[in-house]
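S.K.: What follows is a predicted protein model with its sequence.
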Amino acid sequence: MIKNILVTGGAGFIGSHLVKRLVKEGHNVTVIDNLERGKIDFLTEVIENIKVVMCDLTNYNECKKYFIKKDIVIHLASKVGGIGTYTSKPYEVMHSNMEMDKNVLKCVIENKIHKYFYASSAHVYPKELQTIPNSPMIKESEAYPANPELTYGWAKLIGEKLIESAVIENNWMNVGVGRFIGIYGENQDYGLSTGSVIPVFSHRAIKHPEIEFDVWGNGEETRSYCYIDDALDCILLMLEKMDEINFVGPLNIGKEERVTISDIAKTIIDISEKKININYDKTKKTVIWGQWCDCESAKNILGWEAKVDIKTGIKLVYNDIKKRLNNESKKVSTNTI
């Protein structure tokens with residue numbers, strides 16, 4: 001059945017991939033994005049089939065009219081960045097995310113939108129489980145007692161609790177909460193100061209030797225990464241499951257495959273086919289030692305499991321960033337002629 005679906009952050013990395021999938025399935029899609037990190041270019045192939053609104057979700061009066069007559073809201077918009085963003089702008093990150101989450105949920109309730117998906121994060125988990133070497137695999141129930149390391153994690157956990165409270169008072173709501181862990185793929189931000197590990201390392205390798213291949217810390221930190229197509233499958237399965245139960249989750253959305261930062265760097269260097277020495281900057285303090293999450297609940301409830309192996313996924317990202325950097329260089333060359 002065709003649905004009227006609103007995707008916040010729909011011009012961003014995860015959002016743009018999801019919007020394309022929803023359009024392919026025949027749905028009517030509206031995208032809200034302030035284009036702080038998102039790009040209309042990511043939606044070029046479906047732009048004629050969607051409605052795109054540039055809007056600030058922290059301003060309730062500005063955004064509320066776009067939620068009218070929607071069947072589903074998928075809330076992906078968030079103030080995000082690399083670890084440097086989270087540590088240098090803790091108030092801005094927390095305040096912006098809390099305002100967005102509050103306003104979106106208010107609009108969902110006021111318009112009696114029966115299906116609502118909320119994108120949470122592995123950063124909700126206590127720092128005791130993430131800030132020690134060889135951090136353990138984390139289950140959903142271990143979010144409490146709450147003690148996230150970053151304000152981003154606190155904001156997401158408060159967002160989850162806000163939704164739980166809303167469902168108690170509005171029993172017509174069907175909600176899904178997914179805690180994303182290391183989602184990666186094409187269209188990610190590759191900015192050296194704003195991007196996450198895989199796109200930033202790819203950027204450094206592509207531009208080497210013009211740019212040094214720097215790695216913060218000693219490279220022994222562990223992570224788990226989930227390719228975008230796998231993550232989209234999980235989101236759509238959660239939406240379907242809402243027909244059976246009114247609260248799906250919170251569920252970890254990730255891949256139970258732990259790798260070190262050094263592993264990622266070496267894989268990207270192999271793909272580049274260049275001779276590159278890694279510069280480990282051990283003066284940089286390691287904030288998150290490990291994010292490795294148990295995804296058994298998603299398997300049991302949804303029958304979902306991430307499938308794309310890390311090397312295959314990284315190669316796709318590397319080639320995407322190489323293409324985008326080449327296009328960027330061509331634009332600069334054209335503008336200087």
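M.R.: Yep, that arrived. What you see is a predicted model, and the numbers here were worked out from it, not measured in a lab. Numbering: from 1, shown residues only.
S.K.: In stretch 207-225, which residues are buried?
M.R.: 208, 213, 215-217, 219, 221-225 (16 or more other Cβ atoms under 10 Å). Where C-beta positions appear, they are placed from N, C-alpha and C, glycine not excepted.
S.K.: Quote the end-to-end distance of that stretch.
M.R.: 24 Å (Cα to Cα, to the nearest Å).
S.K.: gap between that stretch and the chain center?
M.R.: Mean-position distance between stretch 207-225 and its chain equals 20 Å (Cα atoms, centre = their mean, to the nearest Å).
S.K.: what about the helices in the stretch 1-150 of the chain?
M.R.: Assignment of helices within the stretch 1-150 of the chain using DSSP state H, counting those that start in this stretch yields the ranges 13-24, 60-63, 83-88, 90-110.
S.K.: ok, now the stretch 201-337 of the chain?
M.R.: 228-241, 261-272, 296-302, 310-336.
S.K.: on that earlier part again, kindly report which one of the helices of the stretch 1-150 of the chain carries the lowest mean pLDDT.
M.R.: When these are ranked by mean pLDDT, helix 83-88 comes last with a mean of 78.
S.K.: which residues make contact with that helix from outside it?
M.R.: Identification of contacts with helix 83-88 by Cβ atoms under 8 Å, 6 or more residues apart in numbering yields 93, 150-152, 193-194, 216, 287-288.
S.K.: now swap in stretch 52-59 and tell me
M.R.: 8, 10-11, 30-35, 40, 43, 62-63, 66, 77, 96, 99-100, 103-104.
S.K.: Return a ChimeraX selection command for the buried portion of the residues you listed.
M.R.: What follows is the ChimeraX syntax for the buried subset of those, where burial is set by 16+ other Cβ under 10 Å:
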select :8,10,11,30,31,32,33,34,43,63,66,77,96,99,100,103,104
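S.K.: Low-confidence bits of the chain, can you list those?
M.R.: 82, 331-337 (pLDDT under 70).
S.K.: which residues of the stretch 101-250 of the chain fall in strands?
M.R.: 115-121, 174-180, 183-184, 214-216, 222-224, 226-227, 247-253 (DSSP state E, counting those that start in this stretch).
S.K.: out of those strands, nearest to residue 327?
M.R.: For residue 327, the closest of the strands of the stretch 101-250 of the chain is strand 183-184, at 20.4 Å, according to Cβ to Cβ.
S.K.: Could you list every helix and strand in contact with the closest one?
M.R.: strand 226-227, helix 228-241, helix 310-336 (3 or more Cβ pairs under 8 Å, 6 or more residues apart in numbering; DSSP states H and E).
S.K.: Deepest in the core, which of the ones you listed is it.
M.R.: Of all these, strand 226-227 carries the top mean neighbour count, a mean of 25, counting by mean count of other Cβ atoms under 10 Å.
S.K.: Figure out how far that strand is from the centre of its chain.
M.R.: The answer for strand 226-227 is 10 Å, by Cα atoms, centre = their mean.
S.K.: Same check on stretch 218-229?
M.R.: Taking mean C-alpha positions (Cα atoms, centre = their mean), stretch 218-229 and its chain are 13 Å apart.
S.K.: re earlier: which pair of the buried residues of stretch 207-225 spans the longest distance?
M.R.: By the measure Cβ to Cβ, 208 and 224 form the most distant pair in these, at 26.3 Å.
S.K.: Report the beta-bridge partners for the residue nearest to residue 295 when sequence neighbours are not counted.
M.R.: Nearest non-adjacent residue to residue 295, counting by Cβ to Cβ, 6 or more residues apart in numbering: residue 252, 4.9 Å away. Under DSSP bridges, the beta-bridge partners of residue 252 are residue 179.
S.K.: burial count for residue 252?
M.R.: 27 (other Cβ atoms under 10 Å).
S.K.: Mean neighbour count, the helices of the stretch 1-150 of the chain: which tops it?
M.R.: Of the helices of the stretch 1-150 of the chain, helix 13-24 is the most buried (mean count of other Cβ under 10 Å), at a mean of 22.
S.K.: Put the alpha carbons of it into CSV.
M.R.: Taking C-alpha atoms only, helix 13-24 is exported to CSV below (Å, rounded to 0.1, in the frame of the first residue of the first chain):
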residue,chain,number,x,y,z
PHE,A,13,23.9,10.0,4.3
ILE,A,14,21.4,7.4,5.7
GLY,A,15,18.4,9.5,4.7
SER,A,16,19.2,9.8,1.0
HIS,A,17,19.7,6.1,0.7
LEU,A,18,16.4,5.4,2.5
VAL,A,19,14.5,8.0,0.4
LYS,A,20,15.6,6.2,-2.8
ARG,A,21,14.4,2.9,-1.4
LEU,A,22,11.0,4.3,-0.4
VAL,A,23,10.5,5.9,-3.8
LYS,A,24,11.4,2.7,-5.5
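S.K.: by contact count, what packs against it?
M.R.: By 3+ Cβ pairs under 8 Å, 6+ apart, helix 13-24 packs against strand 4-8, strand 28-33, helix 228-241.
S.K.: rerun that using 10 Å as the cut-off
M.R.: Contacts defined by 3 or more Cβ pairs under 10 Å, 6 or more residues apart in numbering; DSSP states H and E place helix 13-24 against strand 4-8, strand 28-33, strand 50-54, strand 72-75, strand 115-121, strand 183-184, helix 228-241.
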